[in-house]
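# no sequence for this one, just the structure:
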């Protein structure tokens, strides 16, 4: 029932204390696989997506829901302060309050991979902001790197008091990297304590870190246990979904919607598989079969990403890496 109400756009918090800005407003800058909906929400079911906004006020809350009861961990950051972790809950999450008046920059990042479910980001409440405008007519999220200090470009509108929104300014296309892979690409075991998903960090995984070093946007499409031919601990007849069938999913847990190649255009795609394919000696594929299926994966990816450079990466584990090399 909750999801039905969300779809109808009927679930809201008391907006008396703050101006509500829907998630797909041009004020919200995003990165990663976000899907806009007709009611102003943005949905994400892949790991390490980002939403960012500039606001002028004394506090900020975020309204989000999930299609599952599983734990999803996020990072939040205000201005030049440190990143702080929080676990999202259904409804309004208070991010910051009792802030000094003035302009602030907010960034939130989903750290948990998509197998934990789809996040439904309804929007933000900017407490005490003057001249807030509810921009429900925005059809799509903006893109770009919300981590840059100079990221007040398309999609970021500074607080104003005249009730008018300045027109977005065009910016040059930024470089972008897409990382497709398994648990290592998803950021597994980066934190030292907690359960599996609490220890995961899509933000600190190698792909996003590389992109930040190169001042590039990034999108992480990674799933723990996934392989090019064999998934982790997969037994015969090996009929599970593998990488080739997952690449175009917008959400890990759902076959639809698909993520079409015209929704983004990465310059580089890093394909990082092989650990799960070869970590079970009794069920590992033959070199010939792995080569044949890996070639199909590359051809599928080339159709989906016709203009991207494709970089095929072997596992960090030296044993499985050596086993992958003949086929790759």
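Arrived safely, thanks for sending. Quick caveat: nothing in here was measured; it's all calculated off a predicted structure.
# looking at it, residue 200 is touching residue 191, isn't it?
Yes - look at residue 200 against residue 191 with C-beta atoms under 8 Å: they come within range, at 7.4 Å. For glycine as for every other residue, the C-beta is placed from the backbone atoms N, C-alpha and C.
# who has more neighbours out of those two?
residue 200 (27 against 15; other C-beta atoms under 10 Å).
# report the contact partners of that one.
Contacts of residue 200 were listed using C-beta atoms under 8 Å, 6 or more residues apart in numbering, and they are 47, 73, 111-113, 186-191, 224.
# which of the three states applies to it?
Per DSSP: H, G, I helix; E, B strand; the rest coil, the secondary structure class of residue 200 is coil.
# relative to residue 107, how far out is it?
Distance, residue 200 to residue 107, by C-beta to C-beta, to the nearest Å: 19 Å.
# repeat that for residue 266.
21 Å.
# next: residue 50.
7 Å.
# the two - which one has more neighbours?
Ranked by neighbour count (other C-beta under 10 Å), residue 50 and residue 107 place residue 50 first, with 25 against 19.
# and the more buried one, what are its phi and psi?
phi -130, psi 140 (degrees, to the nearest 10).
# returning to that earlier point: out of the contacts of residue 200, which end up buried?
47, 73, 111-113, 186-188, 190, 224 (16 or more other C-beta atoms under 10 Å).
# residue contacts, the residue positioned nearest the centre of the chain?
Centroid-nearest residue in the chain, with C-alpha atoms, centre = their mean: residue 49, separated by 2.2 Å. Residues near residue 49 by C-beta under 8 Å, 6+ apart: 30-34, 109-110, 119.
# same thing but at 7 Å, please
Shown in contact with residue 49 (C-beta atoms under 7 Å, 6 or more residues apart in numbering): 31-34, 110.
# can you check residue 311 too?
With contact set as C-beta under 7 Å, 6+ apart, residue 311 has these partners: 268-271.
# listing request: residues of the stretch 151-300 of the chain with sub-threshold pLDDT.
Within the stretch 151-300 of the chain, the ranges that satisfy pLDDT under 70 run 151-171.
# which pLDDT value goes with residue 47?
Looking at residue 47, its pLDDT is 84.
# any idea how far it is from residue 111?
7 Å.
# anything in contact with each of those two?
Common neighbours of residue 47 and residue 111, counting by C-beta under 7 Å, 6+ apart, are residue 202.
# now do the helices in the chain.
2-8, 183-186, 206-213, 243-246, 275-278, 287-304, 318-324 (DSSP state H).
# can you get me a residue count around the closest residue to residue 265 other than its chain neighbours?
Closest residue in space to residue 265, ignoring its immediate chain neighbours: residue 307 at 6.7 Å, by C-beta to C-beta, 6 or more residues apart in numbering. As a burial measure, residue 307 scores 9 neighbours (other C-beta under 10 Å).
# I'd like to know how far residue 307 sits from residue 301.
Distance, residue 307 to residue 301, by C-beta to C-beta: 12 Å.
# can you check residue 80 too?
38 Å.
# more neighbours, these two?
More neighbours surround residue 301 than the other of residue 80 and residue 301, with 21 against 7 (other C-beta under 10 Å).
# residue contacts, that one?
Counting by C-beta under 7 Å, 6+ apart, residue 301 makes contact with 247, 269, 271, 310.
# mind redoing it with 10 Å?
Residue 301 makes contact with 178, 180, 243-244, 247-248, 269, 271, 308, 310, 312, according to C-beta atoms under 10 Å, 6 or more residues apart in numbering.
# and the furthest pair within these?
In the contacts of residue 301, two members sit farther apart than any others by C-beta to C-beta. They are 248 and 312, at 18.8 Å.
# give the buried residues for stretch 103-119.
Buried-residue list, stretch 103-119, by 16+ other C-beta under 10 Å: 104-119.
# which one of those residues is nearest to residue 68?
Among those, and counting by C-beta to C-beta, the member closest to residue 68 is residue 117, at 3.2 Å.
# verify the contact between the closest one and residue 90 for me.
No - using C-beta atoms under 10 Å, residue 117 is not in contact with residue 90; the gap is 11.5 Å.
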